[in-house]
Structure formats: C-alpha cells, structure tokens
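J.: Build me a model:
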Amino acid sequence: MLQLRLREVETETDAFRGENSHLGKLRDDYEKEYKYIITFKGYYESKTRHRFIATALNNIGLQNWTIKERNNAAKKYPSDFDVIFIGKNNAYAGLQALNDHPSIKRITLQQIVQRTIHTMSEDKSNKIKPNIRNVKKFNYVRFIALNLNFNLRLKRDIWQKSSNFLSRKLLRAVPKQITSILRADVLWSKGITGVGVKVAIFDTGLAQYHPHFRFIKERTDWTDENTLDDGLGHGTFVAGIIASNKECLGFAPDADLHIFRVFTNKQVSYTSWFLDAFNYAILKKVHVLNLSIGGPDFMDQPFVDKVWELTANGVIMISAIGNDGPLYGTLNNPGDQMDVIGVGGIDFENQIAKFSSRGMTTWELPQGYGRLKPDIVTYGFYVSGSNIKGGCRSLSGTSVASPVVAGAVSLLLSSVLHFGNIINPASMKQALMASAERLPKIGMFEQGHGKLDILVAYQILNNYKPQASFSPSYVDLSECQYMWPYCTQPIYYSGTPTIVNVTILNGMGVIGYINEEPRWYPYLPQNGHYLRISLSYSEMLWPWSGWLSISISVIKEAALWSGTVAGHIELTVESPPFENENVPQKSTIKLMLKANIIATPPRTKRILWDQYHNLRYPSGYFPKDNLQKNNDPLDWNADHIHTNFKDMYEHLRKSNYYVEVLGTPYTCFDASHYATLLIVDPEEEFFPDEILKLNKDIDNGLSVIVFADWYNTTVMKKIKFFDENTRQWWMPNTGGSNIPALNDFLSTWSIAFGDGVYDGPFFLQDRKMYFASGTNIIKFPKEGIVIGKKLKDQGQELIENEIVEIDSVPIIGFLQTMNCKNSIDCGRIIVYGDSNCLDNSNNVIDCYWMLDAMLQYATTGHLALIFNDDQMQINNEKFILPKRMKGNELHKFVFISNFVVLCIPKFWIIIFE
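T.: Numbering: from 1, shown residues only. Got it, this is the predicted structure:
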C-alpha cells in the first residue's frame, strides 16, 4: 500500500540548524502564512467562492491573504472548496470571520502528505527482498497507501511457515496470472471483459502509450509537477492488475481507464489535490474507483465527507485496509468506512497475510465496540502486474489486493451495466460479501466475509433484487474461530453487556429509513427469553448504509442456568420509490442471534478491564508508550483488550479468568461481582465521584491492579515535533499515561508514581523482564512491599544525552489495604510502572506470567516467592508529584469533568426482556 506519512520527527534544534536542513528551509514560509481548506455549503463558480471569502476577510480589514490558484482539470467547473493562505499574525481573526460567513461550512488545515513506498521485488535467486525498510506511520496524515510495507523478518516468517521441518506441507505454486486463479477467464469466454465501465485509478500516473493497455480514456494531473507519466511505477502496477491485456493480465482489459495522478515523483500529495480529483471523478461519472490509500485519521473530515459524497453519487469505491498487521485494530481509512469496500490480503495458501491490517474498526471506541472489517480478502502476496516500461513485476500488500477486487468489480459490473441503478455501491458490496468463500479457522476481523469469488458474485449480481442486508449476516457468539473474540467467553447474569455493532447495507437506494423500531424475537424452545437485548440504530441510512448496535446481557432468572439460547432481530428498511414507480421500496431483514449462557462465575475469577479511561484515537498528539520506538512516536491505535492487548486477553481466558469490559465510569458498575479491576495505560481523568466510589469498593474487597507508563513534562517538551500539516510545533498532550490523574486516584492509599523515565532489562529471580519507558514509584505505604531494580535513566538520556544507571528504581508495589473490619476482606492494590509488557504493539518481553502472579495476590493475598527479592523502602518524606503540563490540550479529548456522569448508556434505546 502506498503510505503517506509525516516527515521524520526532528527536534527543535534539528529543524532550525541552517540552510541545509529541509525544515530549516521551510521555516520562514511556515512562519509567514498558514494554508487552510475552506469548505462551502454548496458548489459555486470560482468568482462566487472568491467573493464569499473576500467579503468575510475585507469586513475585518484583513489584507494579508491570498487564494491559491488550482490549475487542474477541475478548474473550469464549480467547486465546494478553496485553499487560502493567511498570514500567521492574522490567522485567528481571519478564521473567525470566515467561520461566521453563512455560505462556509467548515475550515480545516491543508494537509501535506508524504508517501514512502515499500515494495518487494524478485531477484535472480527468486527470493523476495524489500526495497526499503519498513517505516511506520505518523498520526495526522493520510497515508497514501501502496500497502507494500514488508520487512525482512516478515518475509522470513512467511516462507519459513511452509518449510518448517516439523510441519511439512505441499506448497502451492505461485500462479503467473492472478486472473486465472480467480477464474476471470470464464467470464471472458462469455464475452464479459469490462466494456463500458469507467475505472478511476488514483495513484502515480501512467504512460500514455504503455503496451499493456487498450483504453486509456483520460489522464489528469492533480499535482504541481505538470506531468502525466508514472515516475515511480506503482500507478502502472495498479492499472495493470485492473486492465492489462498483455503478459501479466488484468481483470477487465476492455474497461475505460481514467488515470488520476495525485502523487508527485517525490511521493507527496495534498488533501486539496484529492478533493479536486474526487470532484472531477464525480463529474466524469466514473463507475469504479480504486484508492490505494489509507491512514489512521478517520477524523480527517473533509476527506471522509468527500468519500461519502463520491459513493452517494454511485461510485463504487474499493480501498486497501492497510499493512499494519498482524496487530488488531489497525484498519486504515477510508477502507474502514461502511460505504467503501475494504480489502484485506491473503497469500496463495489462503492464509491471511501477516502484513494485512485487522479489524475491528476503532471509530466507536472506547465507549462502544468496533464494526466488522475488512469486508472481503483476496490475493495480495507476490502478485504479478505491469512494470513501468513494459514487462511484469511482482509485489505484495493490501493495495495489491485492492486493485484485484477493483478489477473484479469492473469485470462484474460490465455484465450488469444494463441493470442501471440497481447495481450500486451497496448492491455490489452485498454480492461480494454473499459470494465470498469463508476461510476456515480464521476470525471475522481478519477475513471479513471471506475470499473473493468472482463466479458466484456474477451469479448473484445477475439475479439481484434490491434489498437490505446485515454485515455480519448473523451473530453467533458461540462460533469459534470466526466469531472471535465473542466466541471465547460465554455470557452470564450480572456480566457487562456484550456489544455487537452490525452494518446495515441498503441496496435499494442511497438513502433509506428505519421508520419502525427493530424488534427482538426470542425463540422460546431455544430459551431466547433468557436474554435481555437492547438496541440502538441509525434511523437514516446514508450513503447506502447505517448501523445497528446490539447490547446482549442475561436476565437474573438464568443466573444458575447453562445452555444455548437463540432468537432473531427484525427490522424494515424503507427507501424512496425506484425510477418510474410510486410505491416506496421496503425490505424486511432478520439477524439470527445465538449465544452460550453459563452459570455466573465466582467473583474470584472475574476481572473488569477499564476501557472507559482510554481515549479515542486518533486525536491529539499522544506519544508512544515505548520511547525507543522513535521512528513512530504517535500512538494512533485505540487501546482495547481485543486489539493491542489481544494476547493478554487470550492468556487470561486460558487461565480460566472471565474478562469483562467497562465502557462506563466507575460509578456505574457493581464491584461486588468482581475480584479485580485492571487499569492499564489510562489517559483519561478520574472524576471525584469515581474515586469516592472506588474507595468504598476496595474497602469491600475489590482489588485493583494498575499498569502505568512514563510521564515527564521535560521529556514531553523534548519530543515535540514540527508538523507540516499545521505548520506548528506539536507538544504531547500527556505522557505514555496520565500520571497526575492516576496519582489523584491513588492518593487515598498514599501511593504515587513519579516522573522518572526508565528503561532496561532486569530479572525477577530466573524470569527475564524488560522495563520499556516506564515510570517509578515515589510514594508507598511502609506496610506495603516495594521492589526495586537497576535500570537506565532514559529521561536523563533524552534530556541531557547522558547515560546513567540507577541501582534501585522502585517499579512494583503490593499493598493490603486495612480500612475494613477484617483486613483480609479488604481489597489489595498492585502497581507497576510499565504497561508495554502487556501490549502487543510495544512489548519486548511479555509479562503475562507476572500478571498471573499479581492476580493471585489480588484474589488470595498470597505473594509469589518470585517477588521476595530486591524489596526496598521508599522515603515518603521526599517526593515531588508530577504536575500537569501547562498549556496542553488534553482537555479537548477527555470526557471527564466535574459534573455528575449518568450511568444510563444513551445509545441503548429499546430494551427487550
């Protein structure tokens, strides 16, 4: 996948070191002016748009501004945005004046995006080698995504998988023609070749007379380089997968190609280039659009809005889901949008490629739960496609998989073009999903609905009747492996509700309505009446889609019962009448639901995971928990026990713990049901009522385990970076964890973390551990147990470039509280200064075994022998609590404030018992 990324982080000193520094050269420009995208409420001619802007700014006497001329193919058409330069000193007043204009919808910063291409090519020994090392992405950018980021280790892992002497298997030969293995030639033999289909390819361009292509209808350049040719080769490769008619064949060789060059040869693009190009694609009435782009920022509103507008105009958009696998929760935008066909990658053994990003979507976190993505998967590993000057090359990545699907969609669409608007973004997606081949022993957040099957999709499309449908098409909480993680834990009375977010696709029209409330129908013979189902939903479906949120819990009468329950949810979608008809279209659909109930587990085996105090991503500048990962400083993944803490969750389940997710404040759960509350890497504030309530809960036997991370305001200032998107220095809004907030919470028990940042290996007896950018304990009750280890002072290294080792850094603490009548009935508190050992995305050495030992102490009071060494005392009279950094913007991203938080989830509307 082509990856757009922010430039490497540089310190303030690096950026202004002189004429030879790239940032140094740009400094003066950045200080002189800011560049903004002005989005209007409609489409206007340029003179009208310019008059709106001039009126707003001239009224306040602002003179230091200019409107950027956009000399591209869309120039002569009406547009809904402009790019404006405003002098730095006048920016605030100018933005306020523009925002007050009645014809202006939104003002956003223009984004510069830089792409790094990661390809794999074939050398003379037929081995795969990466051209560039794998570089991770930064936040606040859209990564134009040639999803080809493979590193050497990943290459070895994939090939060794099949050559392991302990597990021999017959290797499938890599096919020369991807079209043959997916049986596109069967449709060719029927005369179906893509004729009449307009395919837009947003990429690096294409040579006019490339020998592989029959119908290059139009080439447009949206960059500032004034060329239409492909200087990098990626656009040629993508176009070849879709429509090549020689050597390495494409799926739809007779489709009309519309080539949109949106990247420079320096691998740079701008948001405004995409917006203009998207508008032009709508004007040209393209049918299919392949977007080899992805990025974590689903809150890039102008981009997301324009994608919605494209699909609302009937454009079938296919997008790669990203190359950030195998970590869960790493989907890229726009592939994670409901109206877009998001594509993941598999190899030729029908296994999910390691590089392929996994679901769930993270728009809904932390309070809710993610949707099913990707939509489908197809071959994206070592696929042959057109080379820049002719001949073929082999590449891998999810943006190889994306044009495979785009080519297949173009081919399929040419067989049903005569159906008119019946075939649209929703109906095509429905056909691909319904026809997909389920891959065994692979979860839905890895494969979506399964592997692309062109021939079955062809049959479905040629018999298609407009209708609504669900994704997933059913919910079976007992079906493993497909319904992971739902299938890994039965439900029971008093457990936190299990939330399933289902996408509703509407093939009847771009807009639809759910006019009557969805209903739950329990199957009495299957004991469906033991479930309490709460539903919320989008009353309007646009474009082509909406959502249904299902909250599943067990009624009290089933507290001691075990068995399987079933029922279905039913709703009706209504859309405006079809062409030349007067009667509204209606589609009533059913979602089958099945679950396993068990008797309520004992309190000692129940763990409550605090999700509520994790922030939604992407948001502000939140740095990585592990500061050693300095090539990837921004933490753009949402923390969740089923994404980056997936392995820890599976370990706890194998240890027979039941793990529930808390998406509400502490005031909203009954602590008598749980032995342990697990707080890991929180960024949120804790409001006073939460702290008071948890004090009582601990007195009544609830134990708390806290895994913190670094926090140091000097280090935070040191790792600020210059963001080309905003032309500003960005300061972290917090450290790895919000230590001042944690200290507020822990103050009742005289426990506090410090602002030290420590790193290095250590041993707990014979167990090797690694402390990765963690913090220290500076206050702890004398009756408690504190363990110290020799570690490197990473904070000192970052601030002063000086390596210092500290002999005994207090990092683990155990406390038996004493505020109840019988101390053995009181809860216990365990604190540890580093969460990276639990986090799949950051850990050097996992510490799941230590978590087991901590849980043993939390539930029984028994301290494992492994914690007997290196105990120490802390001087509680000499400490300085870390302070919140002045001027940071954490308040913009937190939910907690001083007013009372209600416990009724506002999204649970209809309740069935």
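J.: what about the lengthiest helix in the chain, distance to the chain center?
T.: Using DSSP state H, we find that the single longest helix of the chain is helix 398-414. Here helix 398-414 shows a centroid-to-chain-centroid distance of 23 Å under the convention CA atoms, centre = their mean, to the nearest Å.
J.: Check stretch 301-309 too.
T.: 17 Å.
J.: what's it in contact with?
T.: 37, 39, 81, 106, 108, 142, 271, 274-275, 278-279, 282, 298, 317, 333-334, 337, 339-340, 542-543 (CB atoms under 8 Å, 6 or more residues apart in numbering). Where C-beta positions appear, they are placed from N, C-alpha and C, glycine not excepted.
J.: quick one: which of those residues sit in strands?
T.: If you go by DSSP state E, the contacts of stretch 301-309 have I37, T39, F81, R106, T108, M317 in strands.
J.: What separation is there between the fourth one and I38?
T.: When you say that, I think you mean R106. To I38, R106 is 8 Å away according to CB to CB, to the nearest Å.
J.: could you show me where the helices are in the stretch 101-250 of the chain, in order?
T.: Taking DSSP state H, counting those that start in this stretch to define them, one finds helices in the stretch 101-250 of the chain at 152-163, 178-181, 184-188, 234-243.
J.: Give the residue spans of the stretch 551-700 of the chain that score low on pLDDT.
T.: For the stretch 551-700 of the chain, the stretches flagged by pLDDT under 70 are 616-637.
J.: In this model V786 seems to touch M872, though I could be wrong.
T.: Yes: counting by CB atoms under 8 Å, V786 is a contact partner of M872 at 5.5 Å.
J.: list residues touching both of the two?
T.: The contact lists of M872 and V786 share P810, where a contact means CB under 8 Å, 6+ apart.
J.: Settle it for me: which of these two has more neighbours?
T.: V786 (21 against 14; other CB atoms under 10 Å).
J.: now what about the one helix or strand the more buried one maps to, what contacts it?
T.: Per DSSP states H and E, V786 falls inside strand 785-793. With contact meaning CB under 8 Å, 6+ apart, strand 785-793 is reached by 756-760, 762, 764, 771, 777, 780, 803-815, 863, 867, 869-874.
J.: Off-centre distance for stretch 774-781?
T.: 33 Å.
J.: For that stretch, the averaged confidence score.
T.: Averaged across stretch 774-781, pLDDT comes to 96.
J.: Tell me how many other residues surround N90.
T.: Residues lying near N90 (other CB under 10 Å) number 19.
J.: so who does it touch?
T.: Contacts of N90 by CB under 8 Å, 6+ apart are L62, N64, W65.
J.: what do you get for R358?
T.: R358 sits in contact with G325, P326, L327, Y328, G329, T330, L331, G344, F445, E446, where contact means CB under 8 Å, 6+ apart.
J.: Settle this for me: I491 is touching I555, isn't it.
T.: No: at 11.1 Å, I491 and I555 do not qualify as touching, with contact defined as CB under 8 Å.
J.: ok, the two, which is more surrounded?
T.: The residue with more neighbours, out of I491 and I555, is I491; 24 against 14, by other CB under 10 Å.
J.: Now do the buried residues in stretch 646-657.
T.: Neighbour counts over stretch 646-657 (16 or more other CB atoms under 10 Å) mark K646, M648, Y649, E650, H651, L652, Y657 as buried.
J.: Please apply the same query to stretch 336-351.
T.: Neighbour-count burial for stretch 336-351 flags 336-348, 350-351 (criterion: 16+ other CB under 10 Å).
J.: same check, this time on stretch 743-755
T.: Along stretch 743-755, these residues count as buried under the neighbour rule (16+ other CB under 10 Å): N743, D744, F745, L746, W749, I751, A752, F753, G754, D755.
J.: hmm, who's touching stretch 420-429?
T.: With contacts defined as CB under 8 Å, 6+ apart, stretch 420-429 is touched by 311, 314-317, 339, 341, 375, 409, 412-413, 416-417, 461, 464, 466, 505-507, 510, 543-545, 578-579.
J.: Next step: those residues restricted to helices.
T.: Using DSSP H, these in helices are T311, V409, L412, L413, L461.
J.: Please render those as TSV that adds distance to Q208 and pLDDT to the earlier fields.
T.: Converted to TSV, the ones in helices among the contacts of stretch 420-429 look like this (distance: CB to CB, whole Å; pLDDT from 0 to 100):
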residue	distance to Q208	pLDDT
T311	30	98
V409	25	98
L412	28	98
L413	25	98
L461	33	98
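J.: which of the residues you listed lies closest to H50?
T.: Nearest to H50 among those is T311, at 29.7 Å by CB to CB.
J.: Just give me the neighbour total for the closest one.
T.: If we define neighbours as other CB under 10 Å, then T311 has 27 of them.
J.: Enumerate the beta-bridge partners assigned to T676.
T.: Beta-bridge pairing for T676 (DSSP bridges): I607, S703.
J.: Which ChimeraX command selects the buried ones in the contacts of strand 785-793?
T.: A single ChimeraX command suffices to select whichever of the contacts of strand 785-793 are buried according to 16+ other CB under 10 Å:
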select :756,757,758,759,760,762,764,771,777,780,806,809,810,811,812,813,814,815,863,867,870,874
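J.: Helix or strand: which one has F348?
T.: Assigned by DSSP H and E, F348 falls outside every helix and strand.
J.: So it sits against T378, correct?
T.: No: using CB under 8 Å, F348 is not in contact with T378, being 11.0 Å away.
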